[in-house]
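Engineer: below is the sequence, then the predicted model.
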Amino acid sequence: MSSPAPKPKNVNRIGLAMADYKGAPSTLCSGCGHDAITSQIIKAFYEMGVNPSHVAKMSGIGCSSKSPAYFLSTAYGFNGVHGRMPSTASGAMLANRSLTCIGVSGDGDTAAIGLGQFCHLLRRNIPMIYIVENNGVYGLTKGQFSPTADLGSALKSGVVNDLPAVDLCSIAIEFGCNYVARSFAGDPKQLVALLKGAISHRGTAFLDVISPCVTFNNHESSTKSYQWAKEHEELLHQIDFIPHFQPLETVEYDEGQTAEVEMRDGSHIRLRKLERDYNPADRAAALNLLQHIRESGEFLTGLVYVNPKAKDFIELLDLVDEPLAFLPESKLRPGPQVLDEIMREMM
Ligand SMILES: Cc1ncc(C[n+]2csc(CCOP(=O)(O)OP(=O)(O)O)c2C)c(N)n1
Ligand code: SF4
Ligand SMILES: [Mg+2]
C-alpha cells in the first residue's frame, strides 16, 4: 500500500508559500520605511491565507505608491493619478465585490492633493485596506514638507514647518471609518496584527503608518525619523489577532485585562491593557484621545477605533451577490420594455 503524499512544509492554509506573496525587487532607497511595511503586508496576506490572485492593489503617485509593485505579484494592480486612488479603488470594488482590495498611498498623495477623494471614500465605507505610508514629506519629489509634517519640525536644510499637521486618523474617524489604526514601520509585530485585523474588516480599514524617509526626513530635527519614533512610541495596548481558522483557546488571555473584538468573519482581536484603560469601540473617546495626542505631541500607536458591525458601501447599495463584472450584458442593460415600464411608473 502506498503511503500518503507528505504534507508540503512552509505553506499556508491555501497551500501557498511566502514567496508566492512577494513582488518585484524594490527600487526604493535602502532602509526606506515603505519597504519595511511591504514585508509586513506580505507576511499578513500569507499568514491569513488570502489568495493573492483575488486581490486588487491600488495606488496613486509617490515612492509609497510604488510599493504595490513589491508585493503580491499575481494580484491585479492599478497605479492611478496622484491623489486619485480612492476613485479607482471605489470603481474596482463596485465592479468586482469579490476582490480583496489594498491601497497604498503617501501622506502627500492622501493629505494634500487627494484629501477630498480620501474623505469621500471613508464616508462611503468602500471595502478596502487603505494604508498611508506617512513620512511627513514628498519623498519622490525630493523631500518638501507634506501636510502631515508636525508644526515646528525642520527639514535638513533648516527650513521650519510653520503649519499645523493634518491628523489623518482624526479625519478617518470623523468621516465614518470603522477601523482606524496608527502604527510604525519599525514595529513589525504590531503592524502585522493590525494588517490582519484590516484584512478581516468589512468596510474601509485605515492604517496611518509612520514610515521614515531615510533620504530626506530621518535627521535629528524630524519627528518622522526612526530614532524619534523609536524613542517616543507608546503602545495603546498589546494586540493579538486570532484568525477565524484558528481555535480561540490556543491563545492565552487574562479576561480582566483584555478587550475582545469579534470581527464579522469570525476572527478576534484581543487588546491587552497597558498603561491606559482604553476602549477602542468608543468613537467619542477615540476622537478625544487623538485631540489630546496632537496637543501633547505623544506618539501613540495601536487600534484607535473599531466598529466591525457597520455596513460597507456594497451592502448599503444592496448590490447583487454576483460581481457586476461577471454579469452578462442582458442583466446589466435593461431592455426597452423595462425602461418603458419605469417611465410609465413615473408618469
Ligand atoms: C497631479 C500631480 N501633481 C504633482 C505631482 C508631483 N508629485 C509626484 S509624487 C508627489 C508627492 C509624493 O509624496 P507622498 O505621497 O507623501 O509619497 P512619498 O514619495 O513620500 O512616499 C508629488 C507632489 C504629480 N506627479 N502629479
Ligand atoms: S526618497 Fe525617501 S520615501 Fe522615497 S524611497 Fe527614498 S527613503 Fe523612501
Ligand atoms: Mg510622503
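Structural biologist: Received, thanks. Ligands and ions are numbered 1, 2, ... in the order given.

Engineer: whatever helix or strand residue 104 lives in pairs with which strands, parallel or anti?
Structural biologist: Assigned by DSSP states H and E, residue 104 falls within strand 100-106. Strand pairing for strand 100-106, determined by DSSP bridges: strand 55-59 (parallel), strand 128-134 (parallel).

Engineer: report the buried residues of the longest helix seen in the chain.
Structural biologist: Scanning the chain for the helix with the most residues, using DSSP state H, yields helix 33-48. Residues 33-48 are the ones in helix 33-48 that count as buried (16 or more other C-beta atoms under 10 Å). C-beta: built from backbone N, CA, C; applies to glycine.

Engineer: farthest-apart pair in those, please.
Structural biologist: Greatest spacing in the buried residues of helix 33-48, by C-beta to C-beta: 33 and 48 (22.5 Å).

Engineer: can you tell which of the strands paired with strand 100-106 is closest to residue 218?
Structural biologist: strand 128-134 (13.5 Å).

Engineer: for the next helix or strand after the closest one, name the packing helices and strands.
Structural biologist: Following strand 128-134 in sequence order, the next helix or strand is strand 137-138 (DSSP H and E). Identification of packing neighbours for strand 137-138 by 3 or more C-beta pairs under 8 Å, 6 or more residues apart in numbering; DSSP states H and E yields helix 107-108, strand 144-145.

Engineer: give me every residue that touches the residue of the stretch 101-250 of the chain found nearest ligand 2.
Structural biologist: Here the stretch 101-250 of the chain gets closest to ligand 2 at one residue, residue 139, 2.7 Å apart by C-beta to the nearest ligand atom. Remark: with contacts taken as C-beta atoms under 8 Å, 6 or more residues apart in numbering, residue 139 is in contact with 32, 62-64, 106, 213, 215-217.

Engineer: so among those residues, which ones count as buried?
Structural biologist: Taking 16+ other C-beta under 10 Å as the criterion, what is buried in these is 32, 62-64, 106, 213, 215-217.

Engineer: near residue 26, how many other residues are there?
Structural biologist: 18 (other C-beta atoms under 10 Å).

Engineer: let the chain start at 435 from now.
Structural biologist: Happy to do that; since the first residue is 435 now, the last one works out to residue 460.

Engineer: and it, what pLDDT?
Structural biologist: Note on residue 460: pLDDT of 98.

Engineer: for residue 505, see how far away it is.
Structural biologist: Per C-beta to C-beta, to the nearest Å, residue 460 is found 10 Å from residue 505.

Engineer: joint contacts of those two?
Structural biologist: residue 472.

Engineer: can you flag which of the buried ones among the contacts of residue 573 belong to strands?
Structural biologist: residue 540 (DSSP state E).

Engineer: hey, what's the residue of the chain with the smallest separation from ligand 3 bridged with?
Structural biologist: Using C-beta to the ion, the single residue of the chain nearest to ligand 3 is residue 540, 3.9 Å away. Legend: beta-bridge partners of residue 540 under DSSP bridges are residue 567.

Engineer: and the pLDDT for residue 447?
Structural biologist: 97.

Engineer: residue 664: neighbouring residues, count only.
Structural biologist: Residues near residue 664, counting by other C-beta under 10 Å: 13.

Engineer: name the element it belongs to?
Structural biologist: helix 660-666.

Engineer: give the rounded mean pLDDT of the helix or strand immediately after that helix in the chain.
Structural biologist: On the C-terminal side of helix 660-666, the closest following helix or strand by DSSP H and E is strand 667-669. Strand 667-669 shows an average pLDDT of 95 in the prediction.

Engineer: C-terminal to strand 667-669, what's the next element?
Structural biologist: Beyond strand 667-669 in the direction of the C-terminus, DSSP H and E gives the next helix or strand as strand 671-676.

Engineer: given that following strand, what are its sheet partners and their directions?
Structural biologist: strand 702-707 (antiparallel).

Engineer: contacting residues around the partner strand?
Structural biologist: Contacts for strand 702-707 (C-beta under 8 Å, 6+ apart): 627, 631, 670-676, 682, 685, 687-688, 691-697, 714, 736-737, 740.

Engineer: near ligand 3, which residues of the stretch 485-634 of the chain are found?
Structural biologist: 540-542, 569, 573 (C-beta under 5 Å from the ion).

Engineer: so what's residue 440 scoring on pLDDT?
Structural biologist: 69.

Engineer: spell out which parts of the stretch 585-734 of the chain neighbour ligand 2.
Structural biologist: 647-650 (C-beta under 6 Å from any ligand atom).

Engineer: pLDDT-wise, which helix or strand of this protein ranks last?
Structural biologist: Across the helices and strands of the chain, mean confidence by mean pLDDT, DSSP states H and E is lowest for helix 763-766: a mean of 86.

Engineer: in that one, what counts as buried?
Structural biologist: For helix 763-766, a neighbour-count test (16+ other C-beta under 10 Å) marks nothing as buried.

Engineer: just after it, pick out the following helix or strand.
Structural biologist: The C-terminal neighbour of helix 763-766 among helices and strands, as given by DSSP H and E, is helix 770-780.

Engineer: tell me what that next one is packed against?
Structural biologist: Partner elements for helix 770-780 (3+ C-beta pairs under 8 Å, 6+ apart): none found.
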